[in-house]
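Asker: Take a look and give me a structure for this.
(chains A and B)
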Amino acid sequence: MKPVNQHSLPGADDITRVVLPNGTTVLARTNFNSPSVVIGGYLPCGSLFDPDEKLGLADFTAGGLLRGSEKRDFQQIFNDLESAGANLSFSAGGHTAGFTGRCLSEDLPLLFDLLADALRCPTFPSAQVERLRAQFLTGLAIRAQDTAEMASLTFDQIVFKGHPYARPDDGWPETIQAITRDDLADFHHTHYGPRGLVLAIVGAVEPKTIAGQVAEVLGDWTNPSQPELPALPELKPLKNSVTRKVKIPGKSQADIDIGTSGPRRKDPEFMPASLGNSVLGQFGMAGRIGEVVRQKSGLAYYASSSLSAGIGPGAWDVSAGVNPGNVQKARDLICNEIARFIEKGVTEEELADSQSNFIGRLPLSLESNAGVVNALMNIERFDLGLDYYRCYAELVRAVTPEDVLASASKYLHPDKLAVAIAGP
Amino acid sequence: MTDAYQEHLLANGLKVLLKEIHTAPLVSSWIWYRVGSRDEFTGHTGLSHWCEHMQFKGTPQFPSSVLDRAVSRDGGMWNAFTYFDWTTYFETMPADKIDLGLRIEADRMVNSLFNEKEVASERTVVISEREGSENEPYFLLGEAVQNAAFRVHPYHHEVIGDLPDLKSMSRDDLYGHYRTFYVPNNAVISVAGDFNTGEMLARIRELYEQIPAGPKLTRLSRPEPSACGEHRLTVEGPGQTTYLDISYHAPAASDPDFFPVMVLDSLLAGPSSLNMFGGGGISNKTSRLYRSLVEKELAVSVSGGLSATADPFLYSVMITVHPKRKPEEALAAFDDEIKRIQNELTTVAEITRAIKQARALFAYGTENITNQAFWLGHAEMFAAYDWFLTYLEKLARVTPADMQRAAQKYLRPQNRVVGTYIPIDAEVQA
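Answerer: The predicted structure is shown next:
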């Protein structure tokens, strides 16, 4: 059986990257193994622009883009999409609004047309806005009952206090109620434009013609009013550990979320922290955390850690779902593991396991068109270089146990942890 | 993509299905056992699923820590699933590493330890899994509806099992289940990906053919009698949101009627994806129920689901009721749509559209080796792989008259359970 061919990974020689004169960046890679195409992209229209009293505005706007345009009403948009077996959807995060779509390759011109239509000339019909509002409000009512989501949301409020990342992108019931139809139209008018728009296309497409196809629908789009993203304030680290509980009566299970903030994606500590996080609560059946909380103690069906580095500092946290009577026990076990991780780091053997896992799983994460679209967007968003995935193994192998220990002790402190608990 | 695959039966009764796909340097290998929650008796519900958990607890050759570490080091993805009709384990690995997956499955078909201490710690893990599900209103409602729909057939209990059984079952119950059902003559191996069929078959023979066959197994057969009236039930629980689960007794996957019901689902609630891994779905905003429920502001979402099962299970429509509406209003509008599809012939154009959607979903699923190996084996659990290969053709043969007949036969009130989840702290709304 043959070894993995490095050149099945995307690289500068098989990624097309074109920047259109209006600032739109197009990335594409061909895959004729399946007769379909996946697109993905983003533009700088995230919730960082939301005023506090209208939090959720960016997400509401993104959700409204397919509710009607100057060319098509809601049913026409979805009739065109669904009749082709295609899909397209929008949502907003903190920095960007993003979209993802998929179709048979024969329908790509249609998908591009619908995408351009949604981005350029949405009309936000009042009746549709009200329907969407009811859906968002129901989503928030469901969120309020979800122990894992509420633990995570509360965790962010502790760790990112005074920073925009403390705010949930989907807002609160009262802020969603406060948003008007005109707010959506204004937000779109001001913020949506071609500058900073990134579009990745992977599948049965000819790379030579793809930028031309995009230019046809988006090349003449301009918006001189597009503002710069507001600067992120400095995050003030926690001075001591903070615990907060959210009571959700009637639930059978509680969720806990423990940790702090980690590096940004572009920080040099990202890769060591990422490998350290794998040892802590990812590797195999969730690393050391899974071993003590699930395997040895039988306390939880899920227990793991995550590191969500982005443009700014992300959360570095351990989460688990446990019986309400076991919260304290699980919390103690998790805090002990975090303390051990900060003090002693990882062994050479543990690090080698995770390095091998990171490198070995790359072909699997890049087998599908959607996987490659994500890779291309990562490359662009974090300026990683077109050959990033070809150099990836080298970057992973270069990390030493000392690097991991340094990154762990830089970000994590046993007496400065946020602890969020949501349950009955 | 080609449909070419090979099928072999080993001397011990193990069925082997192999499909070469050279689009990515990956291989996905699955082993399937014909045992699931429908083989469990009262007092032993959840046995198959817990047994699946114990399969990750090690053998003398691969103790649990070694097992997990070995697969993860190689960048593999592995997991297991238990369903009504089957239990399955898979490894998707870089092509040059798949041998490990094959060795693990051959080993744990016979040598799993079911250590007493591990059984004790996994008992609370499984209970925790159940408690996590109980946090979800849809789980609570679905469990009650399923229970009401099946008085006789063992599809009446959830795969996870009931709490008293999870508390009382013993190591011997688990081990007995394992030794009875985990035999080659009750199993299927499906492998898809970047390999050479001859080499792969030789290796599978080498690893598996010496495992002795077990006694012939007879499956518990307790067909559900015809429903003779509508059941209605309510489940009360925390929250602010009201949900409806309307479930009709539906044909088994091998029944020719399965296909018209699949097209009915597509027209009513939008196309359902068959893809277990990857692929994504298609939205349902032009479906009949979306237009009559969500567009009319009686609901905020609607979805439909028909499972491919060995025996007749349920076709379920789930509705999240609009916060300003009552469930009775949503149900009345739903019933109007059901009457319409029973009374008026659908058009050929609507069916053609459903086929195009199914074709697209199929194409999306082919990008993923794991998904392809999954279907190679899964279809064997209720029919044969040919069921999957000819799926689009069978959908394309459905006529408007077939759909009307299926709608009249299956979507009758007498054939359904209507469950309503009532949030107990909801404000009274006009």
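
Asker: Wasn't A:K416 part of a strand?
Answerer: No - judged by DSSP: H, G, I helix; E, B strand; the rest coil, A:K416 forms no part of a strand; its state is coil.

Asker: how near is the residue nearest to it when sequence neighbours are not counted to A:G259?
Answerer: Using CB to CB, 6 or more residues apart in numbering or on different chains and skipping the chain neighbours, the partner closest in space to A:K416 is A:L238 (4.4 Å). Every C-beta, even on glycine, is put in place using the N, C-alpha and C of the backbone. Separation of A:L238 from A:G259 (CB to CB, to the nearest Å): 10 Å.

Asker: A:D107 too?
Answerer: A:D107 is 44 Å from A:G259, by CB to CB.

Asker: Also A:G290?
Answerer: Taking CB to CB, one finds A:G290 at 16 Å from A:G259.

Asker: between the two, which one's more packed in?
Answerer: A:G259 (27 against 23; other CB atoms under 10 Å in any protein chain shown).

Asker: Counting neighbours, what do you get for residue 383?
Answerer: Just so you know, I chose chain A. 10.

Asker: Not quite, go with chain B.
Answerer: Neighbour number of B:A383 under other CB under 10 Å is 17.

Asker: circling back: which element is the residue nearest to A:K416 on?
Answerer: Counting by DSSP states H and E, no helix or strand carries A:L238.

Asker: okay, and the common contacts of A:L238 and A:G259?
Answerer: Common neighbours of A:L238 and A:G259, counting by CB atoms under 8 Å, 6 or more residues apart in numbering or on different chains, are A:V159, A:L417, A:A418.

Asker: Most neighbours among the residues you listed, which one?
Answerer: A:V159 (27 neighbours).

Asker: how much space between that residue and chain B?
Answerer: Taking CB to the nearest CB, to the nearest Å as the measure, A:V159 falls 24 Å from chain B.

Asker: The residue nearest to A:K416 touches A:L417, doesn't it?
Answerer: Yes - between A:L238 and A:L417 there is a contact at 7.4 Å, judged by CB atoms under 8 Å.

Asker: Which neighbours do these two have in common?
Answerer: A:T260.

Asker: What strands flank the strand or helix carrying B:V418, and is each parallel or antiparallel?
Answerer: Assigning secondary structure by DSSP H and E places B:V418 in strand B:416-423. Take DSSP bridges as the rule and strand B:416-423 pairs in its sheet with strand B:231-237 (parallel), strand B:243-249 (antiparallel).

Asker: what about dumping the CA coordinates of that strand to PDB?
Answerer: As requested, the backbone C-alpha atoms of strand B:416-423 are provided in PDB (Å, rounded to 0.1, in the frame of the first residue of the first chain):
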ATOM      1  CA  ARG B 416     -50.300   7.900  13.300                       C
ATOM      2  CA  VAL B 417     -49.200   9.200  16.600                       C
ATOM      3  CA  VAL B 418     -49.300  13.000  17.300                       C
ATOM      4  CA  GLY B 419     -47.100  14.100  20.100                       C
ATOM      5  CA  THR B 420     -46.900  17.600  21.500                       C
ATOM      6  CA  TYR B 421     -44.200  19.000  23.700                       C
ATOM      7  CA  ILE B 422     -45.700  21.500  26.000                       C
ATOM      8  CA  PRO B 423     -43.200  23.900  27.700                       C
END
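
Asker: buried residues in it?
Answerer: Using 16 or more other CB atoms under 10 Å in any protein chain shown as the test for burial, strand B:416-423 gives B:R416, B:V417, B:V418, B:G419, B:T420, B:Y421, B:P423.

Asker: now do stretch B:76-83
Answerer: Counting neighbours by 16+ other CB under 10 Å, stretch B:76-83 gives B:G76, B:M77, B:W78, B:F81, B:T82, B:Y83 as buried.

Asker: So for the last one, what's the nearest residue that isn't a sequence neighbour?
Answerer: What it means is B:Y83. B:G36 (5.2 Å).

Asker: and what of the second one?
Answerer: Once flanking residues are discounted, B:M77 sits nearest to B:T92: 4.7 Å by CB to CB, 6+ apart.

Asker: That neighbour: how many residues sit nearby?
Answerer: For B:T92, using other CB under 10 Å, the count is 29.

Asker: Can you check my assumption that it lies in a strand?
Answerer: Yes - judged by three-state DSSP, B:T92 forms part of a strand.

Asker: Show me the beta-bridge partners of it.
Answerer: Here B:T92, judged by DSSP bridges, has bridge partners B:S28, B:M77.

Asker: hang on, isn't it packed against B:I369?
Answerer: Yes - counting by CB under 8 Å, B:T92 sits close enough to B:I369 to count as a contact (6.5 Å).

Asker: Now list whatever residues contact both of the two.
Answerer: With CB under 8 Å, 6+ apart, B:T92 and B:I369 have common neighbours B:L26, B:V27, B:S28, B:G193.

Asker: pLDDT score assigned to the last one?
Answerer: Going back to what we said before, that points to B:G193. On the pLDDT scale, B:G193 is placed at 95.

Asker: wait, isn't it in contact with B:N371?
Answerer: No - with contact defined as CB under 8 Å, B:G193 and B:N371 do not form a contacting pair (11.3 Å).

Asker: So between the two, which is more surrounded?
Answerer: Neighbour count, other CB under 10 Å: between B:G193 and B:N371, B:G193 has more, with 27 against 23.

Asker: mind listing the strands for the stretch 301-430 of chain B?
Answerer: Using DSSP state E, counting those that start in this stretch, the strands of the stretch 301-430 of chain B run over B:314-321, B:416-423.

Asker: where's the residue in chain B that chain A sits nearest to relative to A:T347, distance?
Answerer: Nearest to chain A in chain B, going by CB to the nearest CB, is B:G75, at a distance of 1.9 Å. Here B:G75 is placed at a distance of 20 Å from A:T347 (CB to CB).

Asker: do the same with A:G46
Answerer: Applying CB to CB, the value for A:G46 to A:T347 is 40 Å.

Asker: Next one: the nearest residue to B:N196 once chain neighbours are set aside, what pLDDT does it get?
Answerer: With CB to CB, 6+ apart as the criterion, B:N196 has its nearest non-adjacent residue at 7.3 Å, and that residue is B:E20. If you check B:E20, the pLDDT there is 96.
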